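Colleague: quick one: sequence and predicted model below, then my questions.
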Amino acid sequence: MEISPPFYMCSGNNVSANYDQFSQDLRTLLDSQRGRAAAGGSLYCSACLFGAMEDIRNYCAGKQRGIVIKPSCNLRFHVALFYDATADNVSNNTPAAKGTNAIKLKM
């Protein structure tokens, strides 16, 4: 597992809500998603994501978005939605229109 060199990028915008509550909510969310993201993968996947979570907390504290990219994993968060939540409700058997590419997210 390679963990360096890492690349970090955080937004310049600070969280306008309660900082302590935001930090706790972000930690809870990232902890819960790490297990899902690393499920079925190697132990190294979980360790890499854990390190990326720590980097987010250290370098992007109080920011509205951030990303950590490492050779073996990457992690991104943003206070706004960056995927279509309605895709969870779309049947996987629905064909895409001719001439289009469609990606359906299933969580």
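Modeller: In hand now; what should we look at?
Colleague: isn't Cys45 right next to Cys73, touching?
Modeller: Yes - the criterion here is CB atoms under 8 Å, and Cys45 meets it with Cys73 at 6.5 Å. In this view, the C-beta of every residue, glycine as well, is placed from N, C-alpha and C.
Colleague: who's more crowded, those two?
Modeller: The residue with more neighbours, out of Cys45 and Cys73, is Cys73; 23 against 17, by other CB atoms under 10 Å.
Colleague: measure the residue lying closest to that one once chain neighbours are set aside to Ser16 for me?
Modeller: Nearest in space to Cys73, with sequence neighbours left out and distances taken as CB to CB, 6 or more residues apart in numbering, is Cys48 at 3.9 Å. According to CB to CB, to the nearest Å, Cys48 stands 31 Å off from Ser16.
Colleague: compare neighbour counts for the two and give me the winner.
Modeller: Neighbours per residue, other CB under 10 Å: of Cys48 and Ser16, the larger number sits with Cys48, 24 against 9.
Colleague: hang on, that one in a strand?
Modeller: No - Cys48 is assigned helix when assessed by DSSP: H, G, I helix; E, B strand; the rest coil, not a strand.
Colleague: mind listing the helices for this protein?
Modeller: Assigned by DSSP state H, the helices in the chain fall at 19-38, 43-59.
Colleague: contacts for the shortest one next, please.
Modeller: When contacts are defined by CB atoms under 8 Å, 6 or more residues apart in numbering, helix 43-59 is touched by residues 1, 3, 6, 8, 10, 23, 26-27, 30-31, 34-35, 37-38, 66, 68, 70, 72-75, 77.
Colleague: mind running it again at 7 Å?
Modeller: 1, 3, 6, 8, 10, 30, 34, 37-38, 66, 68, 70, 72-75, 77 (CB atoms under 7 Å, 6 or more residues apart in numbering).
Colleague: please apply the same query to stretch 13-31.
Modeller: With CB under 7 Å, 6+ apart, stretch 13-31 has contacts from 53, 61-64, 77.
Colleague: now it: buried residues?
Modeller: For stretch 13-31, burial by neighbour count (16 or more other CB atoms under 10 Å) applies to 15, 22, 26, 30.
Colleague: what do you get for stretch 62-81?
Modeller: 63-68, 70, 72-73, 75, 77.
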